[in-house]
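*Asks:* okay, here's the prediction I keep looking at, along with the sequence it came from:
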Amino acid sequence: NNLKGRGVWRYKNSIPGIYNKLISLNEGNTPLIPSKIYKQTYYKFEGANPTGSFKDRGMTVAISSAVNSGYKVVTAASTGNTAASAAAYASRGNLKIYLVLPKGKVALGKLAQSILYGATILEVNGSFDIAMSAVIRLYKELGIVYPLNSFNPWRLEGQKTIAYEIAEEIGAPDNVIVPVGNAGNIYAIWKGFTELYEVGAIQKIPRMIGVQAEGASPIAKAVEKGLDTPEFFENPETIATAIRIGKPVNWRKAIKAIKESKGTALSVSDSEITEAQKKLAREEGIGAEPASSAALAGYEKAIKEQIVDKDEKNVLILTGHALKDPDAMLKMDSKIILINPDHIEKIVLGDTNANN
Ligand code: F0G
């Protein structure tokens with residue numbers, strides 16, 4: 001009876017593979033929140049997943065597949081969210097997990113989660129891309145280790161349910177705006193919409209708009225310059241550490257999704273990302289991490305450049321929770337005031353007058 005459909009597994013019939021046992025934390029079923037600022041615009045808040053990011057959708061499928069195939073040891077390279085999610089689901093599935101992380105480049109909340117769930121953490125002095133190639137080598141040389149990165153197709157089969165959930169609530173949007181790092185998710189969401197279109201459940205496939213940080217934007221640059229193959233970034237840099245990736249493993253898939261959906265990719269600066277993060281929190285009430293906020297920064301740029309129309313039906317994928325990266329929040333302008341408690345009335349007086 002653990003095959004009961006909740007969240008991602010409601011769509012079990014559309015997820016390939018034979019599962020005698022599901023390793024699940026009831027991931028998925030995340031809120032689609034209407035924007036207060038832009039009518040016809042919605043935020044798909046993936047921060048509401050069990051470990052706080054969309055990775056849980058892919059991880060439940062990948063870990064279930066590993067368990068059903070008899071694997072005992074799993075591994076993943078990560079900028080942090082894949083790590084936290086993989087560690088949680090490995091615990092749930094009784095698997096040993098090795099995480100390969102770029103030392104000093106993983107946001108605090110994500111590193112803390114990986115520690116909490118008991119993963120063995122292997123740090124490399126270098127970028128995510130170096131960690132990723134180490135995992136690929138390990139997997140190719142030692143087939144006994146199951147890889148949980150998004151080149152694993154089961155990950156994407158789980159993540160495509162983002163599209164299914166959106167379509168169930170509002171049908172097919174005109175544009176879907178997605179932050180892009182290792183470039184799996186944009187493809188997964190496009191695949192989900194494409195499957196719905198092919199069975200006649202929706203009448204069109206949304207344009208997929210990828211957003212990257214300027215300092216780590218190989219796909220945005222390739223699309224901009226009309227290149228078939230991206231020029232990789234040797235030293236990617238951005239405050240959005242989740243998408244600090246110079247050589248995305250899924251670049252071919254991402255470019256296919258963008259081209260076939262008649263979408264595009266663009267890049268945004270770190271200050272645009274921070275402004276968007278504040279706007280989401282302070283005007284919409286939604287706490288998203290920097291990489292996720294890049295979706296809003298990219299959306300606003302796309303409106304300005306008339307790539308999208310704000311009166312179309314648009315969905316922004318907010319991939320991870322704000323709590324993932326406390327340092328990013330603590331650097332923001334704040335209203336913290338040290339007070340003498342006896343004088344508290346004086347400080348709030350202006351506000352109470354306004355209430356009268
Ligand atoms: N947003 C967040 C919060 C992420 O953690 C990631 C990727 C992305 C967007 C980009 O998704 O890689 O499918 O294009 N994080 C990976 C990780 C790389 O290791 O956690 P993508």
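*Replies:* Okay, I see it.
*Asks:* C-alpha from now on. contacts and neighbour counts both.
*Replies:* Noted.
*Asks:* strands paired with the helix or strand containing residue 210, and their directions?
*Replies:* Element membership of residue 210, judged by DSSP states H and E, is strand 207-213. Its sheet considered, strand 207-213 pairs with strand 175-179 (parallel), strand 264-268 (parallel) by DSSP bridges.
*Asks:* that one near the ligand anywhere?
*Replies:* No: using CA under 6 Å from any ligand atom, strand 207-213 stays clear of the ligand, with a minimum separation of 8.6 Å.
*Asks:* got the buried residues for that strand?
*Replies:* For strand 207-213, a neighbour-count test (16 or more other CA atoms under 10 Å) marks 207, 208, 209, 210, 211, 212, 213 as buried.
*Asks:* how close does the second one get to the ligand?
*Replies:* Read it as residue 208. Between residue 208 and the ligand the computed distance is 12 Å (CA to the nearest ligand atom, to the nearest Å).
*Asks:* now swap in the third one and tell me
*Replies:* Taking CA to the nearest ligand atom as the measure, residue 209 and the ligand are separated by 12 Å.
*Asks:* bridged to that residue, which residues?
*Replies:* Residue 209 has these beta-bridge partners by DSSP bridges: residue 177, residue 264.
*Asks:* let me see the contact set for it.
*Replies:* The contact partners of residue 209, taken as CA atoms under 8 Å, 6 or more residues apart in numbering, are 175, 176, 177, 178, 258, 263, 264, 265, 266.
*Asks:* could you do the last one as well?
*Replies:* Taking CA under 8 Å, 6+ apart as the criterion, residue 213 is in contact with 238, 240, 243, 244, 267, 268, 269, 270, 294.
*Asks:* so what's the closest residue in space to the fifth one that isn't next to it in sequence up against?
*Replies:* Spelled out, that is residue 267. Take residue 267 and drop its neighbours on the chain: the residue closest to it by CA to CA, 6 or more residues apart in numbering is residue 212, 4.7 Å away. Shown in contact with residue 212 (CA under 8 Å, 6+ apart): 179, 180, 181, 219, 220, 243, 265, 266, 267, 268, 294.
*Asks:* using TSV, please lay out these together with distance to residue 51, neighbour count and pLDDT.
*Replies:* Below are these laid out as TSV (distance: CA to CA, whole Å; neighbours: other CA atoms under 10 Å; pLDDT from 0 to 100):
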residue	distance to residue 51	neighbour count	pLDDT
179	18	31	98
180	19	33	98
181	19	30	98
219	27	33	98
220	28	24	98
243	18	30	98
265	28	27	98
266	28	23	98
267	27	25	98
268	27	23	98
294	20	36	99
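*Asks:* quick check, nearest of these to residue 144?
*Replies:* Nearest to residue 144 among the contacts of residue 212: residue 181, at 27.1 Å, using CA to CA.
*Asks:* just checking, that closest one touches residue 243?
*Replies:* Yes: in this structure, residue 181 is within contact of residue 243 by CA atoms under 8 Å, at 4.2 Å.
*Asks:* am I right that residue 132 is in contact with residue 78?
*Replies:* Yes: the criterion here is CA under 8 Å, and residue 132 meets it with residue 78 at 7.5 Å.
*Asks:* joint contacts of these two?
*Replies:* With CA under 8 Å, 6+ apart, residue 132 and residue 78 have common neighbours residue 100.
*Asks:* what does the chain put close to the ligand?
*Replies:* 78-82, 179-185, 242-243, 291-292, 319-320.
*Asks:* what about these, which are in helices?
*Replies:* 81, 82, 185, 291, 292 (DSSP state H).
*Asks:* out of those, what pair is the most spread apart?
*Replies:* Using CA to CA, those reach their maximum pairwise distance at 82 and 292, which is 14.4 Å.
*Asks:* pLDDT score assigned to the spatially most central residue of the chain?
*Replies:* With distances taken as CA atoms, centre = their mean, residue 319 lies nearest the centre of the chain, 3.3 Å away. Per-residue pLDDT puts residue 319 at 98.
*Asks:* what's the answer for residue 354, then?
*Replies:* 59.
*Asks:* ditto for residue 2
*Replies:* So, for residue 2, pLDDT stands at 49.
*Asks:* compare residue 82 and residue 292 (neighbour count), which wins?
*Replies:* residue 292 (31 against 26; other CA atoms under 10 Å).
*Asks:* give me the nearest residue to the more buried one, chain neighbours excluded.
*Replies:* residue 318 (4.7 Å).
*Asks:* correct me, but residue 39 touches residue 310?
*Replies:* Yes: contact criterion CA under 8 Å: residue 39 and residue 310 qualify, at 7.5 Å.
*Asks:* show me where the stretch 51-200 of the chain dips below the pLDDT cut-off.
*Replies:* Counting by pLDDT under 70, the stretch 51-200 of the chain contains no low-confidence range.
*Asks:* repeat that for 80
*Replies:* By pLDDT under 80, the weakly predicted segments of the stretch 51-200 of the chain are 143-144.
*Asks:* show me the helices in it, by range?
*Replies:* Here the stretch 51-200 of the chain has its helices, by DSSP state H, counting those that start in this stretch, at 55-68, 81-92, 108-116, 128-141, 153-159, 161-170, 185-198.
*Asks:* using CSV, write out the CA atom coordinates for the third one.
*Replies:* What it means is helix 108-116. In CSV, the C-alpha atoms belonging to helix 108-116 read as follows (Å, rounded to 0.1, in the frame of the first residue of the first chain):
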residue,chain,number,x,y,z
LEU,A,108,24.7,27.0,4.4
GLY,A,109,21.2,25.5,4.6
LYS,A,110,22.0,22.9,2.0
LEU,A,111,25.2,21.8,3.6
ALA,A,112,23.5,21.7,6.9
GLN,A,113,20.8,19.4,5.5
SER,A,114,23.3,17.1,3.9
ILE,A,115,25.0,16.8,7.4
LEU,A,116,21.6,16.3,9.1
